[in-house]
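K.L.:
sequence and predicted model, in that order:
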Amino acid sequence: MKSSILTIGLIGLLALKVSAQESNPGFFKSPSNNFELGIGSTGEANVIALGWNHLHAVTKNKKLKIGYGLRFNGNFGKGDFTTAPADLTSDEKNLDTITVGSYNINSLNASIHINYAISNKFELEFNIDAVGISFGESIDADYKSIKRLASTPLPANKQAAKPTAFNLLLVGDRDLGSLNSEFKIKYYFKPKWSLNVGATYIFAEYTTTNKLFKENDRFRQTTLMPMIGITYSPFRN
């Protein structure tokens, strides 16, 4: 956890250092400000992402940029959520499942962005949520494990759950909460507008009210889905 937080911090400090060296008409009117909308879906899992990001050139030719931003994710759908903690997922015998008929998880996260300009019209970008919060209504889920509950007399077939409140990027199964990442190609069909096509990878997580098998209360759904979106860069030349 400490190494991941340190990495995020170093990226942020580097971006701020580069920002101080850039000559532009001011932070708020910088051509590096981008406003984005992205939509992804598999039919059963869906996401609508709305965000802002600010990029900073890290090479002399200004083709490679890194940046930071804020993103709101509306993640909704249905399906199974499996045991989430990394110390349990290494053994399949520890994996339990809750099934959700309908879910809606909203998250607001700080994001990290890496962008490479192939040309004036085409860019490649990878971005990932780093830290934030999630919120949404509590739901009733079907608990499919045949194992007994670890610390409650309630029936095992129905469990109350709510979105895990705190989100943190720790890499792989160590991640906490609900996080979004994207890999996309951006085509600027107008100087200030780009069409974005690629893939989005969603971590969605619920926490059950009760501790279940192995004292676990966190369950995760991971989904890779195609995405399409649009970017508006109001001060881009």
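P.N.:
That came through fine.
K.L.:
who's Ile128 bridged to?
P.N.:
Ile112, Ser181 (DSSP bridges).
K.L.:
identify the residues contacting it.
P.N.:
111-112, 169, 179-182 (C-beta atoms under 8 Å, 6 or more residues apart in numbering). Just so you know, the C-beta spots here come from the backbone N, C-alpha and C atoms, and that holds for glycine as well.
K.L.:
farthest pair within those?
P.N.:
Leu169 and Glu182 (13.8 Å; C-beta to C-beta).
K.L.:
thinking again about what came up before, JSON lines for the contacts of Ile128, including neighbour count, distance to Ile66 and pLDDT?
P.N.:
Below are those laid out as JSON lines (neighbours: other C-beta atoms under 10 Å; distance: C-beta to C-beta, whole Å; pLDDT from 0 to 100):
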{"residue": "Ser111", "neighbour count": "25", "distance to Ile66": "11", "pLDDT": "98"}
{"residue": "Ile112", "neighbour count": "23", "distance to Ile66": "8", "pLDDT": "97"}
{"residue": "Leu169", "neighbour count": "25", "distance to Ile66": "15", "pLDDT": "97"}
{"residue": "Leu179", "neighbour count": "27", "distance to Ile66": "18", "pLDDT": "98"}
{"residue": "Asn180", "neighbour count": "27", "distance to Ile66": "18", "pLDDT": "98"}
{"residue": "Ser181", "neighbour count": "17", "distance to Ile66": "15", "pLDDT": "97"}
{"residue": "Glu182", "neighbour count": "26", "distance to Ile66": "15", "pLDDT": "98"}
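K.L.:
closest one to Ile48 out of the residues you listed, please.
P.N.:
Asn180 (10.4 Å).
K.L.:
these two touch, right, that closest one and Asn106?
P.N.:
No - with contact defined as C-beta atoms under 8 Å, Asn180 and Asn106 do not form a contacting pair (11.6 Å).
K.L.:
any chance you could list residues touching both of the two?
P.N.:
With C-beta under 8 Å, 6+ apart as the test, Asn180 and Asn106 both reach 73, 75.
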